[in-house]
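# what's the 3D shape of this:
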Amino acid sequence: MKSTLKKTEKGITLVALVVTIVVLLILAGVSINLVLGNNGIIAKAKEAETKSAEASQNDLKGMNALAEEMNNALGEKPKVDLSKYKIGDSVNYTYDPASSSYTLESKYSGYSSNQTIAQTTGLTWKVLNVDKENDTVDIISTNPTSSTVIFANILGYNNGPYLMNEICKAQYSNKTLGVNARSINLLDMEKHLTADGITARNAYQYDSSTAKYGTTKTYPSNTKYPSLYANQKGAGPNITEAEASKKITQPDTTKGNDPYEESKPIVPKGTTEPTNDSTYGTGNPLTVTQTYYYRPINDTNYGTASSILANSTKFWVAARDVHTRSDYATFGLRIADTNAYGCNMFYSNGDTGGSTCALRPVVSLPSRLLTGEQTNGAWNLSK
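Alright, predicted model coming up:
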(Lines give C-alpha, C1' and ligand atoms only; values in the text may rest on other atoms or scores of the structure.)
Protein backbone atom coordinates (compact mmCIF):
# COMPACT_ATOMS: atom_id res chain seq x y z
CA MET A 1 0.00 0.00 0.00
CA LYS A 2 1.28 3.35 -0.91
CA SER A 3 1.80 5.48 2.19
CA THR A 4 1.16 9.20 2.30
CA LEU A 5 3.42 11.58 4.29
CA LYS A 6 1.49 14.15 6.32
CA LYS A 7 2.99 17.41 7.57
CA THR A 8 2.07 17.02 11.21
CA GLU A 9 5.09 18.97 12.91
CA LYS A 10 5.90 22.61 12.47
CA GLY A 11 9.50 23.90 12.03
CA ILE A 12 11.08 27.35 12.34
CA THR A 13 11.19 29.14 9.06
CA LEU A 14 14.06 31.37 8.02
CA VAL A 15 11.86 34.44 8.17
CA ALA A 16 10.77 33.66 11.71
CA LEU A 17 14.37 33.13 12.73
CA VAL A 18 15.41 36.49 11.32
CA VAL A 19 12.52 38.22 13.05
CA THR A 20 13.44 36.56 16.32
CA ILE A 21 17.07 37.66 16.03
CA VAL A 22 16.04 41.21 15.21
CA VAL A 23 13.75 41.32 18.23
CA LEU A 24 16.50 39.96 20.47
CA LEU A 25 18.96 42.54 19.15
CA ILE A 26 16.48 45.30 19.79
CA LEU A 27 15.90 44.05 23.32
CA ALA A 28 19.65 43.70 23.89
CA GLY A 29 20.22 47.25 22.67
CA VAL A 30 17.61 48.54 25.06
CA SER A 31 19.15 46.57 27.91
CA ILE A 32 22.69 47.75 27.14
CA ASN A 33 21.47 51.29 26.85
CA LEU A 34 19.73 50.95 30.20
CA VAL A 35 22.96 49.73 31.75
CA LEU A 36 25.65 51.68 29.91
CA GLY A 37 23.89 54.69 28.42
CA ASN A 38 24.09 58.26 29.64
CA ASN A 39 20.95 57.66 31.60
CA GLY A 40 21.77 54.04 32.29
CA ILE A 41 21.97 52.19 35.57
CA ILE A 42 25.76 52.54 35.89
CA ALA A 43 25.62 56.26 35.12
CA LYS A 44 22.84 56.69 37.64
CA ALA A 45 24.84 54.71 40.21
CA LYS A 46 27.90 56.89 39.64
CA GLU A 47 25.76 59.99 39.86
CA ALA A 48 24.26 58.74 43.13
CA GLU A 49 27.74 57.97 44.46
CA THR A 50 28.94 61.48 43.57
CA LYS A 51 25.92 63.11 45.14
CA SER A 52 26.34 60.97 48.26
CA ALA A 53 30.01 62.01 48.57
CA GLU A 54 29.07 65.65 48.06
CA ALA A 55 26.37 65.34 50.70
CA SER A 56 28.86 63.78 53.13
CA GLN A 57 31.32 66.62 52.53
CA ASN A 58 28.59 69.17 53.02
CA ASP A 59 27.53 67.44 56.23
CA LEU A 60 31.14 67.43 57.45
CA LYS A 61 31.56 71.12 56.63
CA GLY A 62 28.33 71.87 58.42
CA MET A 63 29.41 69.89 61.48
CA ASN A 64 32.80 71.64 61.55
CA ALA A 65 31.13 75.03 61.23
CA LEU A 66 28.73 74.15 64.04
CA ALA A 67 31.61 72.92 66.21
CA GLU A 68 33.51 76.15 65.56
CA GLU A 69 30.46 78.21 66.51
CA MET A 70 30.06 76.17 69.69
CA ASN A 71 33.76 76.54 70.53
CA ASN A 72 33.57 80.28 69.98
CA ALA A 73 30.48 80.47 72.15
CA LEU A 74 32.28 78.52 74.87
CA GLY A 75 35.43 80.56 74.50
CA GLU A 76 37.33 77.64 73.05
CA LYS A 77 39.42 77.62 69.89
CA PRO A 78 41.54 75.03 68.14
CA LYS A 79 45.00 74.59 69.64
CA VAL A 80 47.72 76.82 68.31
CA ASP A 81 51.12 75.49 67.32
CA LEU A 82 53.18 76.71 70.29
CA SER A 83 56.48 75.77 68.64
CA LYS A 84 56.49 79.10 66.79
CA TYR A 85 56.57 81.06 70.08
CA LYS A 86 60.09 81.61 71.39
CA ILE A 87 61.53 82.99 74.63
CA GLY A 88 62.07 86.70 74.16
CA ASP A 89 59.33 87.18 71.54
CA SER A 90 57.25 90.33 71.99
CA VAL A 91 53.52 89.94 72.72
CA ASN A 92 50.80 92.57 72.25
CA TYR A 93 49.24 92.20 75.71
CA THR A 94 47.39 95.08 77.31
CA TYR A 95 46.19 95.15 80.90
CA ASP A 96 43.13 96.88 82.32
CA PRO A 97 43.62 100.46 83.51
CA ALA A 98 43.52 100.54 87.30
CA SER A 99 40.67 102.59 88.76
CA SER A 100 42.84 103.43 91.76
CA SER A 101 46.21 102.74 93.35
CA TYR A 102 46.75 99.66 95.50
CA THR A 103 46.84 100.37 99.24
CA LEU A 104 49.26 98.10 101.09
CA GLU A 105 48.61 98.17 104.83
CA SER A 106 51.52 98.25 107.25
CA LYS A 107 49.92 95.51 109.36
CA TYR A 108 50.69 93.11 106.50
CA SER A 109 53.85 94.47 104.84
CA GLY A 110 55.88 94.94 108.01
CA TYR A 111 56.77 98.48 106.97
CA SER A 112 56.11 101.33 109.40
CA SER A 113 53.29 102.94 107.38
CA ASN A 114 50.74 102.18 104.68
CA GLN A 115 51.92 102.32 101.08
CA THR A 116 50.12 103.55 97.98
CA ILE A 117 51.24 101.53 94.95
CA ALA A 118 50.39 103.17 91.62
CA GLN A 119 49.90 101.16 88.46
CA THR A 120 52.77 101.45 85.98
CA THR A 121 51.33 102.27 82.56
CA GLY A 122 52.77 101.30 79.20
CA LEU A 123 54.50 98.07 80.21
CA THR A 124 55.46 95.88 77.26
CA TRP A 125 55.65 92.10 77.37
CA LYS A 126 57.86 89.25 76.23
CA VAL A 127 57.61 85.46 76.23
CA LEU A 128 59.27 83.99 79.32
CA ASN A 129 58.21 80.36 79.02
CA VAL A 130 56.34 78.11 76.59
CA ASP A 131 54.52 75.32 78.43
CA LYS A 132 53.38 72.78 75.83
CA GLU A 133 52.21 70.34 78.50
CA ASN A 134 49.70 72.83 79.94
CA ASP A 135 49.13 74.54 76.58
CA THR A 136 50.10 78.00 77.87
CA VAL A 137 52.61 80.74 77.19
CA ASP A 138 53.94 82.78 80.12
CA ILE A 139 54.74 86.40 79.39
CA ILE A 140 56.62 88.84 81.61
CA SER A 141 56.92 92.60 81.63
CA THR A 142 59.97 93.66 79.63
CA ASN A 143 61.03 95.85 82.54
CA PRO A 144 60.03 95.93 86.21
CA THR A 145 57.38 98.39 87.37
CA SER A 146 58.30 101.99 88.08
CA SER A 147 56.38 101.74 91.36
CA THR A 148 58.24 100.10 94.23
CA VAL A 149 57.11 98.16 97.29
CA ILE A 150 58.66 97.89 100.75
CA PHE A 151 58.62 94.67 102.77
CA ALA A 152 60.19 94.37 106.19
CA ASN A 153 60.47 92.31 109.35
CA ILE A 154 58.64 89.07 110.12
CA LEU A 155 55.43 90.25 108.45
CA GLY A 156 57.34 90.94 105.26
CA TYR A 157 58.83 87.45 105.38
CA ASN A 158 55.44 85.82 106.01
CA ASN A 159 53.30 87.85 103.59
CA GLY A 160 55.72 89.05 100.92
CA PRO A 161 55.06 86.42 98.22
CA TYR A 162 51.29 86.61 98.66
CA LEU A 163 51.19 90.41 98.53
CA MET A 164 53.46 90.59 95.47
CA ASN A 165 51.00 88.34 93.65
CA GLU A 166 47.98 90.32 94.84
CA ILE A 167 49.36 93.68 93.74
CA CYS A 168 50.23 92.32 90.29
CA LYS A 169 46.80 90.70 90.00
CA ALA A 170 45.05 93.96 90.89
CA GLN A 171 47.04 96.11 88.48
CA TYR A 172 48.15 94.01 85.49
CA SER A 173 45.30 91.58 84.73
CA ASN A 174 42.86 91.64 81.81
CA LYS A 175 39.28 90.71 82.71
CA THR A 176 38.10 90.59 79.10
CA LEU A 177 40.70 87.97 78.25
CA GLY A 178 40.04 86.19 81.54
CA VAL A 179 43.68 86.22 82.67
CA ASN A 180 45.22 87.27 85.98
CA ALA A 181 48.69 88.62 86.50
CA ARG A 182 50.97 87.54 89.34
CA SER A 183 54.51 88.22 90.45
CA ILE A 184 57.46 86.36 89.04
CA ASN A 185 58.36 83.58 91.46
CA LEU A 186 61.29 81.27 92.05
CA LEU A 187 59.96 78.50 89.81
CA ASP A 188 59.65 80.95 86.91
CA MET A 189 63.37 81.54 87.23
CA GLU A 190 64.65 78.13 88.24
CA LYS A 191 62.88 76.25 85.45
CA HIS A 192 65.38 77.98 83.15
CA LEU A 193 68.45 76.91 85.12
CA THR A 194 70.89 75.05 82.91
CA ALA A 195 72.82 72.01 84.10
CA ASP A 196 75.69 74.37 84.93
CA GLY A 197 73.26 76.69 86.69
CA ILE A 198 71.90 73.90 88.89
CA THR A 199 75.44 72.80 89.73
CA ALA A 200 76.38 76.38 90.61
CA ARG A 201 73.28 76.84 92.78
CA ASN A 202 73.88 73.60 94.66
CA ALA A 203 77.53 74.51 95.22
CA TYR A 204 76.77 77.92 96.76
CA GLN A 205 78.33 78.50 100.18
CA TYR A 206 78.89 81.94 101.70
CA ASP A 207 82.11 80.88 103.41
CA SER A 208 83.63 77.90 105.20
CA SER A 209 81.73 78.67 108.42
CA THR A 210 78.32 78.45 106.75
CA ALA A 211 76.23 75.71 105.17
CA LYS A 212 76.22 74.84 101.50
CA TYR A 213 72.95 75.11 99.58
CA GLY A 214 70.62 72.25 100.53
CA THR A 215 72.48 71.36 103.75
CA THR A 216 71.78 72.26 107.37
CA LYS A 217 73.46 74.26 110.09
CA THR A 218 72.57 74.12 113.79
CA TYR A 219 72.76 77.12 116.15
CA PRO A 220 72.93 76.59 119.92
CA SER A 221 72.47 80.35 120.46
CA ASN A 222 70.81 83.12 118.42
CA THR A 223 67.93 80.75 117.85
CA LYS A 224 65.00 83.05 117.08
CA TYR A 225 62.94 82.42 113.92
CA PRO A 226 59.62 83.61 112.44
CA SER A 227 57.03 81.32 113.99
CA LEU A 228 55.59 80.39 110.59
CA TYR A 229 59.04 79.30 109.38
CA ALA A 230 58.34 76.03 111.19
CA ASN A 231 55.96 75.22 108.29
CA GLN A 232 58.66 75.75 105.66
CA LYS A 233 60.24 72.75 103.96
CA GLY A 234 63.78 72.34 105.36
CA ALA A 235 62.98 73.95 108.73
CA GLY A 236 64.30 72.38 111.92
CA PRO A 237 63.51 74.33 115.09
CA ASN A 238 64.31 72.27 118.20
CA ILE A 239 66.15 69.67 116.15
CA THR A 240 69.74 68.93 117.09
CA GLU A 241 72.58 68.63 114.63
CA ALA A 242 72.73 64.86 115.22
CA GLU A 243 69.00 64.51 114.48
CA ALA A 244 68.93 66.79 111.43
CA SER A 245 69.62 64.17 108.76
CA LYS A 246 66.85 61.93 110.12
CA LYS A 247 64.18 64.47 111.04
CA ILE A 248 64.52 67.05 108.27
CA THR A 249 63.45 65.67 104.90
CA GLN A 250 65.48 67.18 102.09
CA PRO A 251 64.01 67.40 98.57
CA ASP A 252 65.65 66.49 95.28
CA THR A 253 67.91 69.41 94.36
CA THR A 254 69.13 67.97 91.06
CA LYS A 255 66.45 69.91 89.17
CA GLY A 256 65.59 73.58 88.81
CA ASN A 257 62.14 73.35 90.35
CA ASP A 258 62.04 75.47 93.55
CA PRO A 259 62.78 72.31 95.56
CA TYR A 260 61.97 73.92 98.93
CA GLU A 261 58.68 75.35 97.62
CA GLU A 262 59.54 78.79 98.95
CA SER A 263 56.95 80.50 96.75
CA LYS A 264 54.13 78.65 98.52
CA PRO A 265 52.22 79.83 101.62
CA ILE A 266 53.58 78.96 105.06
CA VAL A 267 50.43 79.79 106.99
CA PRO A 268 48.76 76.79 108.65
CA LYS A 269 46.33 74.85 106.48
CA GLY A 270 42.87 76.34 106.60
CA THR A 271 44.28 79.81 107.31
CA THR A 272 43.89 82.59 104.78
CA GLU A 273 46.52 85.07 103.67
CA PRO A 274 47.70 87.68 104.42
CA THR A 275 48.45 86.92 108.05
CA ASN A 276 48.97 89.37 110.90
CA ASP A 277 51.24 86.90 112.69
CA SER A 278 54.44 88.76 113.54
CA THR A 279 55.59 86.43 116.29
CA TYR A 280 58.88 84.57 116.54
CA GLY A 281 59.84 81.35 118.23
CA THR A 282 63.03 80.39 120.01
CA GLY A 283 64.61 77.09 119.07
CA ASN A 284 66.45 74.81 121.43
CA PRO A 285 68.51 74.55 119.31
CA LEU A 286 67.70 76.03 115.88
CA THR A 287 68.56 74.02 112.77
CA VAL A 288 67.94 75.56 109.35
CA THR A 289 68.55 74.53 105.75
CA GLN A 290 70.56 76.87 103.54
CA THR A 291 68.41 77.88 100.55
CA TYR A 292 69.80 81.32 99.72
CA TYR A 293 72.24 81.63 96.82
CA TYR A 294 73.86 84.43 94.85
CA ARG A 295 74.40 83.72 91.18
CA PRO A 296 74.68 85.84 88.01
CA ILE A 297 71.73 85.75 85.64
CA ASN A 298 73.64 84.92 82.47
CA ASP A 299 73.58 82.42 79.61
CA THR A 300 75.73 79.96 81.55
CA ASN A 301 73.26 79.73 84.42
CA TYR A 302 69.91 80.54 82.78
CA GLY A 303 70.33 79.92 79.06
CA THR A 304 68.40 82.06 76.58
CA ALA A 305 66.01 83.23 79.32
CA SER A 306 68.81 85.24 80.92
CA SER A 307 68.26 88.06 78.44
CA ILE A 308 64.65 88.33 79.64
CA LEU A 309 65.19 87.73 83.37
CA ALA A 310 68.19 89.99 83.93
CA ASN A 311 67.46 93.69 84.42
CA SER A 312 69.34 96.66 85.80
CA THR A 313 66.36 97.47 88.07
CA LYS A 314 66.07 95.43 91.26
CA PHE A 315 62.77 93.55 91.55
CA TRP A 316 61.07 91.24 94.02
CA VAL A 317 60.80 87.50 93.38
CA ALA A 318 57.82 85.95 95.17
CA ALA A 319 59.75 83.45 97.28
CA ARG A 320 61.52 83.22 100.63
CA ASP A 321 65.05 82.12 101.50
CA VAL A 322 67.21 81.19 104.48
CA HIS A 323 70.85 82.21 104.73
CA THR A 324 73.30 80.75 107.23
CA ARG A 325 76.09 82.85 108.74
CA SER A 326 78.76 81.77 111.18
CA ASP A 327 76.76 82.55 114.35
CA TYR A 328 73.25 83.45 113.17
CA ALA A 329 70.75 82.74 110.39
CA THR A 330 68.69 85.15 108.32
CA PHE A 331 65.18 84.77 106.94
CA GLY A 332 64.50 86.80 103.82
CA LEU A 333 62.75 87.40 100.52
CA ARG A 334 64.31 86.82 97.13
CA ILE A 335 65.20 89.62 94.75
CA ALA A 336 66.92 89.86 91.39
CA ASP A 337 68.50 92.29 88.96
CA THR A 338 71.43 91.05 86.91
CA ASN A 339 71.97 88.55 89.74
CA ALA A 340 69.67 86.28 91.74
CA TYR A 341 69.96 86.77 95.50
CA GLY A 342 67.86 87.94 98.47
CA CYS A 343 67.19 90.49 101.19
CA ASN A 344 67.07 89.79 104.94
CA MET A 345 63.81 90.40 106.82
CA PHE A 346 64.60 88.80 110.19
CA TYR A 347 67.76 87.58 111.92
CA SER A 348 67.98 84.73 114.40
CA ASN A 349 69.67 87.14 116.84
CA GLY A 350 66.49 89.25 116.85
CA ASP A 351 67.51 91.97 114.40
CA THR A 352 65.17 92.97 111.58
CA GLY A 353 65.59 94.22 108.04
CA GLY A 354 63.73 95.10 104.87
CA SER A 355 64.10 96.44 101.36
CA THR A 356 62.47 98.42 98.55
CA CYS A 357 62.12 96.81 95.12
CA ALA A 358 59.99 97.01 92.00
CA LEU A 359 57.60 94.28 90.86
CA ARG A 360 57.83 92.02 87.80
CA PRO A 361 54.38 90.83 86.71
CA VAL A 362 53.85 87.55 84.85
CA VAL A 363 50.73 86.48 82.92
CA SER A 364 49.97 82.91 81.81
CA LEU A 365 48.14 82.95 78.47
CA PRO A 366 46.11 79.88 77.41
CA SER A 367 46.72 78.96 73.78
CA ARG A 368 43.12 79.82 72.84
CA LEU A 369 44.11 83.49 73.17
CA LEU A 370 46.98 83.18 70.70
CA THR A 371 46.10 84.01 67.11
CA GLY A 372 49.40 82.97 65.55
CA GLU A 373 49.54 86.36 63.82
CA GLN A 374 51.88 89.28 64.38
CA THR A 375 51.72 93.05 64.17
CA ASN A 376 54.97 95.01 64.03
CA GLY A 377 56.90 91.92 65.09
CA ALA A 378 54.78 91.17 68.18
CA TRP A 379 52.35 88.27 68.62
CA ASN A 380 48.68 89.24 68.67
CA LEU A 381 46.04 88.03 71.09
CA SER A 382 42.35 87.45 70.42
CA LYS A 383 40.02 90.21 71.49
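# Endpoints of stretch 138-156, how far apart?
Start-to-end span of stretch 138-156 (CA to CA, to the nearest Å) is 27 Å.
# so how far is that stretch from its chain's centroid?
The chain centroid and the centroid of stretch 138-156 are separated by 20 Å under CA atoms, centre = their mean, to the nearest Å.
# ok, and for that stretch, which residues are buried?
By 16 or more other CB atoms under 10 Å, the buried positions in stretch 138-156 come out as 138-141, 143-145, 147-156. C-betas here are computed from N, CA, C, even on glycine.
# Give me the three-state assignment for residue 128.
In three-state terms, and counting by DSSP: H, G, I helix; E, B strand; the rest coil, residue 128 is strand.
# Next, residue 189: secondary structure please.
helix.
# Hmm, residue 291 is touching residue 215, no?
No: using CB atoms under 8 Å, residue 291 is not in contact with residue 215, being 10.2 Å away.
# tell me the SS of the closest residue to residue 294 other than its chain neighbours?
Among residues not flanking residue 294 along the chain, residue 341 sits closest, at 4.4 Å (CB to CB, 6 or more residues apart in numbering). Residue 341 carries the three-state label strand when classified by three-state DSSP.
# on that earlier part again, more neighbours: residue 291 and residue 215, which one.
Applying other CB atoms under 10 Å to residue 291 and residue 215 shows that residue 291 carries more neighbours, namely 28 against 17.
# can you confirm the more buried one is in a strand?
No: going by three-state DSSP, the assignment for residue 291 is coil, not a strand.
# And the pLDDT at it?
Predicted confidence (pLDDT) for residue 291: 99.
# do the one 5 residues further on as well
Looking at residue 296, its pLDDT reads 99.
# That one pairs with what?
Counting by DSSP bridges, residue 296 is bridged to residue 339.
# Isn't it up against residue 338?
Yes: using CB under 8 Å, residue 296 is in contact with residue 338, at 6.8 Å.
# Spell out the secondary structure type for the closest residue to residue 334 other than its chain neighbours.
In this structure, residue 334 finds its nearest non-sequential neighbour in residue 317, 4.0 Å apart by CB to CB, 6+ apart. Of the three states, residue 317 takes strand under three-state DSSP.
# Roughly how far does residue 317 sit from residue 358?
Residue 317 is 11 Å from residue 358, where distance means CB to CB, to the nearest Å.
# tally of neighbours for residue 199?
Residue 199: 12 surrounding residues under other CB under 10 Å.
# can you check the one 4 residues further on too?
Burial measure for residue 203: 12 neighbouring residues, criterion other CB under 10 Å.
# Please look at it and residue 213 and confirm they touch.
Yes: assessed by CB under 8 Å, residue 203 is found in contact with residue 213 at 7.1 Å.
# Endpoint to endpoint, stretch 262-278 covers what distance?
For stretch 262-278, the first-to-last residue distance is 18 Å (CA to CA).
# likewise stretch 345-356?
This stretch, stretch 345-356, spans 12 Å end to end (CA to CA).
# picking up where we left off before, mind checking which of residue 317 and residue 358 has more residues around it?
Of the pair residue 317 and residue 358, residue 317 is the one with more neighbours under other CB under 10 Å, namely 28 against 20.
# ok, now which ones touch that one?
Residue 317 is in contact with 183, 184, 185, 186, 189, 333, 334, 335, 336, 340, 360, counting by CB atoms under 8 Å, 6 or more residues apart in numbering.
# Select, from the residues you listed, the two members most distant in space.
Greatest spacing in those, by CB to CB: 183 and 340 (14.7 Å).
# what separates residue 250 from residue 319, distance-wise?
Residue 250 is 18 Å from residue 319, by CB to CB.
# more neighbours, those two?
Between residue 250 and residue 319, residue 319 has the larger neighbour count (other CB under 10 Å), namely 28 against 15.
# hang on, the more buried one packs against residue 266?
No: the criterion here is CB under 8 Å, and residue 319 misses it with residue 266 at 11.2 Å.
# Beyond the helix or strand of the chain with the lowest mean pLDDT, next helix or strand please.
For the chain, the helix or strand with the lowest mean confidence is helix 41-73, at a mean of 60 (criterion: mean pLDDT, DSSP states H and E). Using DSSP states H and E, the helix or strand that directly follows helix 41-73 along the chain is strand 90-91.
# That next one pairs with which strands?
If you go by DSSP bridges, strand 90-91 pairs up with strand 125-131 (antiparallel), strand 378-381 (parallel).
# Give me the distance between it and the centre of its chain.
The mean C-alpha position of strand 90-91 is separated from the chain mean by 16 Å, CA atoms, centre = their mean.
# And the contacts of that strand?
Counting by CB under 8 Å, 6+ apart, 124, 125, 126, 127, 137, 139, 365, 377, 378, 379, 381 sit against strand 90-91.
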